[in-house]
Structure formats: C-alpha cells, structure tokens
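Visitor: Could you look at this predicted model? Sequence included:
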Amino acid sequence: MLRRTVLHLGLQSAAALSVTRPAPAMRQQTTDAADFGAVGDGETINTRAIQAAIDAAAGAGGGTVVLKPGVYLSGALFVKSGVTLAIGRGATLKGVQDLSAYPMVRTRVAGIEMDWPAGLLNIYQQRGARITGEGLVDGDGKVFWDSYWALRRDYDPKGLRWAADYDCRRPRLIHVYDSDQVEVSGLNLARSGFWTVHVCYSRDVVVSDLIVRNNLGGRGPSTDGIDIDSSQRVRIERCDLSVNDDAICIKAGRDWDGLRVARPCREVRIKDCIVRDALAGMTFGSETSGGFEDIEVSGLRIDYPVPLGIFFKSGHTRGGVISNIGIRDVHLQDVATLFRVNLNWYPNYSYAQIPPGITDVPDYWRALATPVPREQGIPRIHDVRLSDIRAVGGKVGFEAAAYPEAPLSDFTFERLDWDVREAGTIANARNWSFRDCRIDTLDGTGPKVTNSTGVTGLRTA
C-alpha cells in the first residue's frame, strides 16, 4: 500500500475558490460490496458484484458503496449519479488484464472522438458521483504497456507512429466523461494502462489528495497523471504525482476533429501539487484545438528527475487559442528545461499521413489525416502570466518559439529567481515584460532573443 501523505505547498488563491465544489453524493444508505458477493481474495473477479452494489445504491436514490480491506479484481465499473464508491484503507481494487473486461464506450482519446475501452472506474454521463477513500486502485497495466511497445515496433518503420496511440487500446484508470458535480479524492492510484485520471466534457469537478505512481514495476507509456480535456470549473488540489508522460495536462481536441468539436477547456484551478517523476510537470497541449482560457496554477513543486517544467506544446494543424493563463508560486528543483513553448511538437506523431496503398482504414484515421488549412491550424497564445517562479539547478531557462504570423503575445514575468547554466532562447515573441527577475547563468548573459518585439526588462545575450 502506498503511504498516505498530506501536502501543503502553496497558498490558496482567491481565484481557486471560484470553482464550484461538487455537491456531496446522497447518503441514504451505506452498502458493503461484500453483501452483493464481492470477495477481496485477490482471485475472484468482482465486476458484477461491485456493479450490482453500485446499481442498487443508485436505484435507492443514492448512497455509499464501501470496499473493505482486501484485494478485489475487477473489470470496468460505472459509478452512478448520487453514488459514492469508497475504497477504504487496506482495500485494493485491481484491474484485470483482459481487455474484454473493459467495454467499448464513445469518448475522446488523445483529442479524437472515437470508441475506446472504458476505464477501470468510470463516471459516464452522471451527476453528483464520487470516487474516494484511502485505498489503492491498481491498473496492473504492464500487459497493456507491452502491447503498445510491440505495436510501435511494427508501426514506426511503416510511417504509422501517429496511429499507434489510437490503435493500441489501453484502459484508463479513472474516466470522467460528460458529467457534472463529480469528486475523485484521497486515493492511491498506480500502474494505469493508459492515462490515469481523464476528465472530459465535464463540469464542476474536484480532483484532490491523490497519490499517483505509474512507475512501479516498469515505466508505462502514455501514463499521464491528470488530464483535463474540454471541461470547465475544475479544481486539482494536493496531488502527488510520479508518472511517465505529462503529469498534469490541459487538453481540448486535436486537428480537424478538435476544430469540429470546438469545446474549450476553461476555469481550471490547479494548486498545491508535487510532481516527482514525469516527462513534463505542467503541460498545455498538445491537443489545443478547442482552446484554453482562464487557467490558474499555483503552489506547484516539480523535482528531479523531471526534465521539463512548464510546457506549451502544439502543432501547425492543431489551431486553438490559449489565453489568460496564470502560473505562480512554483518551485523547480534540478529540472533541466524550465519553460518551453514548442508549436511544432513531435512531427512523427503530430502530423498524420496515411501511407500510399492503405485504403481500408478506420474513421479515426481519416479524422487524424484530414487536412487543416494553415490559417486554422496555427495555434495562438497570448496573455500568459508567470510570477514567483524559483528554479535551482536548471540547465536551460527558456526554449520558446512560435510562428511569425502568430507570435507569443503579452507574456508577463514577475519575480523569477532562476539558477540555470544558460538562459536559453526566445523567438517570435511580442510584448514580453520582465519585472524584478533574476536569471543567474554561468556566462552571465540572458536569453538570446530573435524575431521579437517589445521584450522589456530582461538582460539578453
């Protein structure tokens, strides 16, 4: 069992309080899943028994279903409106490794609407549902990680790197889709087959006090920590993350399909979290098509061995507008690159082209490969504020660039205190202001600034 910790890494912002807290689930009754036949012996498959307990609570108008100490094997479970699933201390819900135990549902995966296996735990088109407790949810995901790497070995030489993430179906650990007034809190989460917590097309959601460990028994590909996808009024608080891709990520659709859906991600508050292992600590993208607005991050700590701190990524087919982003009170310890903007990210993945001679392809391949005119595909980022960012032991401060026709506009940096080997580079910037900033480098020079206007208050190379 993973150790329960409580984190207090920053001050609560007034803006964070503007997000509506989900209404508590109705508690007319508390039900032990064992009363419906659930057995925590680590061998019995309990999908039907636990689902029966959830359905009975929903049918009674709401209530709490409890998993008591034990190891409960299960396939996909669906928590219903008004129901709390409480996985108590000493209880483990462990995902079975048979993909058929996760029925196909209509959802969005990596920016594309398509059919995909349900998660181990799902809140799907519900209201006032909760998943909570101090127990462990273990995806036991290595079999799915291995299947992905096997497919990549086949796909990459064929020019199909972009298709692998969609063709290799892997269950998420917690899937919240098109739901309102939801809470996911308190749990230990481990070894997800794919993304760990995915909140998509949902409103008024709290994700809090989670410990996520996706690097136990191997390093699973695409095991993001928390992905907030075209949702609004979301709070993420006091989460402790060790994952093998993006730790916390804002998303809003990919390319032609994301532009068609055109649903932004907005009013998101992220505070008092720690990232101990990931490819990037705080990420915006790469699925930017619907746009992001009014995102506030505070009280974040990102530690070694995370190589990348704050990351905006997209591609020239994504489009979307990113605006009104506030990031403050962040500490980066031995993070190699502190701040990166890459809008031509990972071309082999970002730009889908169906190889000649392949004609029998799924609809989602066609969606991925549908051309996007450049004027629609260039992402635009403006009105970004970073303040009180402290970095010790960094290698590069800035790696930021955009497109000449869509410069990175109106960025404000206040009270940066960075100790880095080199300040890095800034390109295609417009109206960047630096106030009370100290960037200490080995050669004593600031970043190299090119193709930019209105960059003020910064010592440059």
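Guide: Looks like it arrived, so ask away.

Visitor: my read: Leu189 touches Asp209, true?
Guide: No: Leu189 lies out of contact with Asp209 (CB atoms under 8 Å); the separation is 11.2 Å. In short, each C-beta sits where N, CA and C put it, glycine included.

Visitor: okay, those two: which has more neighbours?
Guide: Between Leu189 and Asp209, Leu189 has the larger neighbour count (other CB atoms under 10 Å), namely 27 against 20.

Visitor: What separation do you get for that one and Lys94?
Guide: Applying CB to CB, to the nearest Å, the value for Leu189 to Lys94 is 12 Å.

Visitor: tell me the contacts of Ala52?
Guide: With contact set as CB atoms under 8 Å, 6 or more residues apart in numbering, Ala52 has these partners: Phe36, Gly37.

Visitor: show me where pLDDT drops low in the stretch 251-400 of the chain?
Guide: Along the stretch 251-400 of the chain, no part satisfies pLDDT under 70.

Visitor: cool, the stretch 1-150 of the chain as well?
Guide: Using pLDDT under 70, the flagged stretches of the stretch 1-150 of the chain are 1-28.

Visitor: At which residues are the strands of it located?
Guide: 30-32, 41-45, 63-67, 70-74, 77-78, 83-87, 91-95, 104-109, 112-117, 121-124, 130-132, 136-138 (DSSP state E, counting those that start in this stretch).

Visitor: Does Leu93 have any beta-bridge partners, and if so which?
Guide: Following DSSP bridges, Leu93 is listed with bridge partners Tyr72, Val137.

Visitor: if I pick it, what's in contact with it?
Guide: Counting by CB under 8 Å, 6+ apart, Leu93 has contacts Leu67, Tyr72, Ser74, Leu77, Ile87, Leu120, Leu121, Gly135, Leu136, Val137, Asp138.

Visitor: What is the nearest of those residues to Arg172?
Guide: Distance to Arg172 across the contacts of Leu93 (CB to CB) is lowest for Leu120, with 7.5 Å.

Visitor: quick one: that closest one and Gly139 touch, right?
Guide: Yes: if you go by CB under 8 Å, Leu120 and Gly139 touch, sitting 5.9 Å apart.

Visitor: Check the contact lists of these two and give me the overlap.
Guide: With CB under 8 Å, 6+ apart as the test, Leu120 and Gly139 both reach Gly95, Pro171, Leu173.

Visitor: re earlier: pick out the most distant pair among the contacts of Leu93.
Guide: Distances among those were taken as CB to CB; the most separated pair is Leu77 and Leu136, at 14.9 Å.

Visitor: Could you work out the end-to-end span of stretch 216-226 for me?
Guide: Taking CA to CA, to the nearest Å, the first and last residues of stretch 216-226 lie 17 Å apart.

Visitor: From the rest of the structure, what touches it?
Guide: 141-142, 144-145, 148-149, 165, 170, 190-199, 207, 210, 212, 214, 236, 239, 241, 243-249, 275, 278.

Visitor: before we move on, back to that, which one of the strands of the stretch 1-150 of the chain lies nearest to Arg269?
Guide: Between the strands of the stretch 1-150 of the chain, strand 130-132 lies closest to Arg269; by CB to CB that is 18.8 Å.

Visitor: Within its sheet, name the partner strands of that closest one and how each one runs.
Guide: Here strand 130-132 has these sheet partners by DSSP bridges: strand 83-87 (parallel), strand 180-185 (parallel).

Visitor: Centre of the chain to it, how far?
Guide: Counting by CA atoms, centre = their mean, to the nearest Å, strand 130-132 is centred 18 Å from the centre of its parent chain.

Visitor: could we number from 4 for the rest of this?
Guide: New numbering, starting at 4: the last item is strand 133-135.

Visitor: List the buried residues in that strand.
Guide: Arg133, Ile134, Thr135 (16 or more other CB atoms under 10 Å).

Visitor: re earlier: next step: the contacts of stretch 219-229 restricted to helices.
Guide: Lys145, Phe147, Trp148, Tyr151, Trp152, Asp168 (DSSP state H).

Visitor: For burial, what's the neighbour tally of the third one?
Guide: I take that to be Trp148. The tally of other residues near Trp148 (other CB under 10 Å) stands at 25.

Visitor: Check the second one too.
Guide: Residues within reach of Phe147, counting by other CB under 10 Å, total 26.

Visitor: Tell me how far the closest residue to it other than its chain neighbours lies from Leu139.
Guide: Nearest residue to Phe147, sequence neighbours excluded (CB to CB, 6 or more residues apart in numbering): Gly196, at 3.6 Å. According to CB to CB, Gly196 and Leu139 sit 15 Å apart.

Visitor: and what of Ser436?
Guide: Ser436 sits at a distance of 47 Å from Leu139 (criterion: CB to CB).

Visitor: Between those two, tell me which one has more neighbours.
Guide: Counted by other CB under 10 Å, Ser436 and Leu139 do not tie: Leu139 has more neighbours, with 22 against 15.

Visitor: That one contacts Arg92, doesn't it?
Guide: No: taking contacts as CB under 8 Å, Leu139 lies outside contact range of Arg92: 9.4 Å.

Visitor: hey, where'd the helices end up in this protein?
Guide: Under DSSP H, the chain gives helices at 50-62, 145-158, 164-170, 258-264, 350-353, 366-372, 377-380.
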